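J.: Give me coordinates for this.
(chains A and B)
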Amino acid sequence: MKRVVITGQGTINSLGRSVAETLEGFREGRCGISELEFQDVDRLSIKIGGQVKNYDAEAEFNRQQIALYDRYTQFTLLAAREAVGQSGLTFNGELAQRSGVVLGTSGGGMQTLDENYRSVYEEGKNRVHPFVVPKLMNNAAASHVSMAYNLKGPSFTVATACASSNHAMGQAFQMIRTGMCDVMVTGGSESMLCFGGVKAWEGLRVMSRDACRPFSLGRSGMVQGEGAGVFVFEDYDHAKARGAEILAEVIGFAMTSDASDIVMPSKQGAARAISGALKDARLNPSDVCYINAHGTGTAANDKTECAAVADVFGAHADHLMMSSTKSMHGHLIGGTGAVELLACIMALREGVIAPTIGYEEPDPECALDVVPNVAREANVDVVLSNAFAFGGLNAVLALRKAP
Amino acid sequence: MSDTIEAKVIEIIAEQAVLEVSDVTPTSTLEDLGIDSLGLVESIFAIEEAFDIQVPFNANDPSESDFDISSVASITKAVSALVSEQK
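T.: So this is what the prediction gives:
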């Protein structure tokens, strides 16, 4: 089996337009959640989100590109540019054919859907722009990344709601590990912060009106975010041979299904995914120093996730740190695992653990060290990243310091 | 008016529980009737649509909400209050 390393990372989200800005936000415990700004927001009862503010698409892309790129695709391409740029790779010949792109998204081109439904239903127009379908489709972002970088190997999109990015990165990892590919561009993107997107979520009554406070007593639910995280996963031998800077090593992955309920999470399903990732990475529970939690800030997720971690780690659960950066950037749904992987890599490379901000008081049902409010220095060798989706689909990644 | 509110609330809850209207009484609790968290959210949606009101309810902590869901009678009372408040 091949070893798999990360040689590039990129992002745009409500904390920043780059990895550097985002990590600065993590270190400072900054909150990227603010008042939402878009058409008809006054008709929503939930008016906050981790929105990318002052974003000017025309400063990044030309008119022909904007006609084809939904906001979620634009975010993906910006994150991919940073990640591929950092990796220093160019894809030609044999390498192009042995490289692909697997991305996660849940809603795909939701902004395009929203705008065009408004146009035909509300404004009564009978004609839509000819590129509505190629703009809104869930694989648009992956396809545009493949075209931008000449990636001619396996390329597709994974849609498993809130676990999409982790499932996507798990696929990329396995493809390199088994020798199918040398390089995979992977991660995920989401942009559902539009009237229809937030209105749909309001219906479930799990959204907070004030803040995302994972694991804190009195938490009032989740807050949506938007953005993208993209990484370059590479065969270790390939990266070493070309002298690339290695950010971290991906050492394990597991996915499970609860097979129980469409919205309520299961402790057993989550625990099997966590212990599966440990086994896949040949780790003992005591090797794990930090977990980037799914930590949505809902009553149901947070207590189930803590119970699953307590089950898997036993006494060691009291010695590890687990934080939720959703408190800062919100829940990016299909892109969330990708942005959260940045916090995992920061922990491994810089020895800084991103905090869970907005934390008020301990919840006895979430009695773990959730790194409340302030980032912490710690020497960390092994980390996990959890993602547990609606529909009971779970995906956990394990990473280690660069070899 | 309050009798008709109770009748409508019972009708909504009975439909959600897949029961006859006669099986639902003011003292019934949602748990008795087999309504789970998703069924509760659907019931509240149906109540909002039927009475054209906004119900303050957060599924993360139902007990924190002003809307008392402990029984059919308490729901009816809360709906009546919201109807007179919001009309």
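
J.: can you tell me how far the residue most central in space within chain B sits from chain A?
T.: Note on chain B: the residue nearest the mean C-alpha position is residue B:75, at 4.5 Å, using C-alpha atoms, centre = their mean. Distance of residue B:75 to chain A, given as C-beta to the nearest C-beta, to the nearest Å: 15 Å. The way it works is simple: take the backbone N, C-alpha and C, and place the C-beta from them, glycine included.

J.: List the contacts of the helix or strand encompassing that residue.
T.: Secondary structure here is read from DSSP states H and E; on that basis residue B:75 sits in helix B:72-86. The contact list for helix B:72-86 (C-beta atoms under 8 Å, 6 or more residues apart in numbering or on different chains) reads B:1-2, B:5-6, B:9-10, B:13, B:24-29, B:47, B:51-55, B:66-69.

J.: Drop anything exposed from those.
T.: B:5-6, B:9-10, B:13, B:24, B:28, B:47, B:51, B:53, B:55, B:67, B:69 (16 or more other C-beta atoms under 10 Å in any protein chain shown).

J.: Look at the closest residue to chain B within the stretch 251-400 of chain A and say how many residues are nearby.
T.: Minimum separation of the stretch 251-400 of chain A from chain B (C-beta to the nearest C-beta) falls at residue A:299, amounting to 4.3 Å. Other residues lying near residue A:299 total 20 when counted by other C-beta atoms under 10 Å in any protein chain shown.

J.: so what's it scoring on pLDDT?
T.: Residue A:299 is assigned a predicted lDDT (pLDDT) of 93.

J.: ok, now residue A:14?
T.: Each residue has a pLDDT score; the one for residue A:14 is 98.

J.: Quick one, grab the pLDDT at the nearest residue to it once chain neighbours are set aside.
T.: With C-beta to C-beta, 6 or more residues apart in numbering or on different chains as the criterion, residue A:14 has its nearest non-adjacent residue at 3.2 Å, and that residue is residue A:32. What the model reports as pLDDT for residue A:32 is 98.

J.: Looks like residue A:32 contacts residue A:330 (just checking).
T.: Yes: counting by C-beta atoms under 8 Å, residue A:32 sits close enough to residue A:330 to count as a contact (7.0 Å).

J.: Now do the shared contacts for those two.
T.: Residues touching both residue A:32 and residue A:330 (C-beta under 8 Å, 6+ apart): A:14, A:50, A:225.

J.: for chain B, what are the nearby residues on chain A?
T.: When proximity is defined by C-beta under 8 Å from any C-beta of the partner chain, chain A lies next to chain B at A:45, A:203-206, A:208, A:218-221, A:262-264, A:298-300.

J.: Out of those, which end up buried?
T.: When neighbours are counted using 16+ other C-beta under 10 Å, the residues of chain A next to chain B contain these buried positions: A:205, A:206, A:208, A:219, A:220, A:221, A:263, A:298, A:299, A:300.

J.: So the second one is in contact with residue A:298, correct?
T.: Read that as residue A:206. Yes: A contact is recorded between residue A:206 and residue A:298 when judged using C-beta under 8 Å, the distance being 5.2 Å.

J.: Mutual contacts of those two, please.
T.: Between them, residue A:206 and residue A:298 share the neighbouring residues A:221, A:222, B:59, B:60, with contact defined by C-beta under 8 Å, 6+ apart.

J.: So what's the residue count around residue A:279?
T.: Residue A:279 has 12 nearby residues by other C-beta under 10 Å.

J.: phi, psi of it?
T.: Backbone torsions of residue A:279, given as degrees, to the nearest 10, read phi -70, psi -40.

J.: Residue A:144 versus residue A:187, what's the distance?
T.: As judged by C-beta to C-beta, to the nearest Å, residue A:187 and residue A:144 stand 14 Å apart.

J.: These two: who's more crowded?
T.: When neighbours are counted by other C-beta under 10 Å, residue A:187 comes out ahead of the other of residue A:187 and residue A:144, with 36 against 21.

J.: what sits opposite that one in the beta ladder?
T.: Here residue A:187 sits in beta bridges with residue A:103, residue A:230, as judged by DSSP bridges.

J.: thinking again about what came up before, okay, and the common contacts of residue A:187 and residue A:144?
T.: By C-beta under 8 Å, 6+ apart, the residues touching both residue A:187 and residue A:144 are residue A:76.

J.: where does chain B dip in pLDDT?
T.: B:1-2, B:64 (pLDDT under 70).

J.: quick check, residue A:250 in a helix?
T.: No: in this structure, residue A:250 is strand, not part of a helix, as judged by DSSP: H, G, I helix; E, B strand; the rest coil.

J.: residues near it, how many?
T.: A count of nearby residues for residue A:250, using other C-beta under 10 Å, gives 28.

J.: what's the answer for the one 5 residues further on, then?
T.: Using other C-beta under 10 Å, residue A:255 is surrounded by 20 other residues.

J.: my read: it touches residue A:272, true?
T.: No: between residue A:255 and residue A:272 there is no contact, the gap being 9.5 Å when judged by C-beta under 8 Å.

J.: Spit out the residues that contact the two alike.
T.: Shared contacts of residue A:255 and residue A:272 (C-beta under 8 Å, 6+ apart): residue A:394.

J.: Quick check: what element follows the lengthiest helix in chain A along the chain?
T.: Determined from DSSP state H, the single longest helix within chain A is helix A:71-87. If you walk from helix A:71-87 toward the C-terminus, the next helix or strand you reach (DSSP H and E) is helix A:93-97.

J.: List the contacts of that following helix.
T.: Applying C-beta under 8 Å, 6+ apart, the set of residues contacting helix A:93-97 is A:89, A:150, A:151, A:152, A:153, A:182, A:183.

J.: any chance of those residues in TSV, plus neighbour count?
T.: Compiled in TSV, the contacts of helix A:93-97 are given as follows (neighbours: other C-beta atoms under 10 Å in any protein chain shown):
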residue	neighbour count
A:89	23
A:150	14
A:151	26
A:152	15
A:153	19
A:182	24
A:183	29
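
J.: Many thanks, we can stop here.
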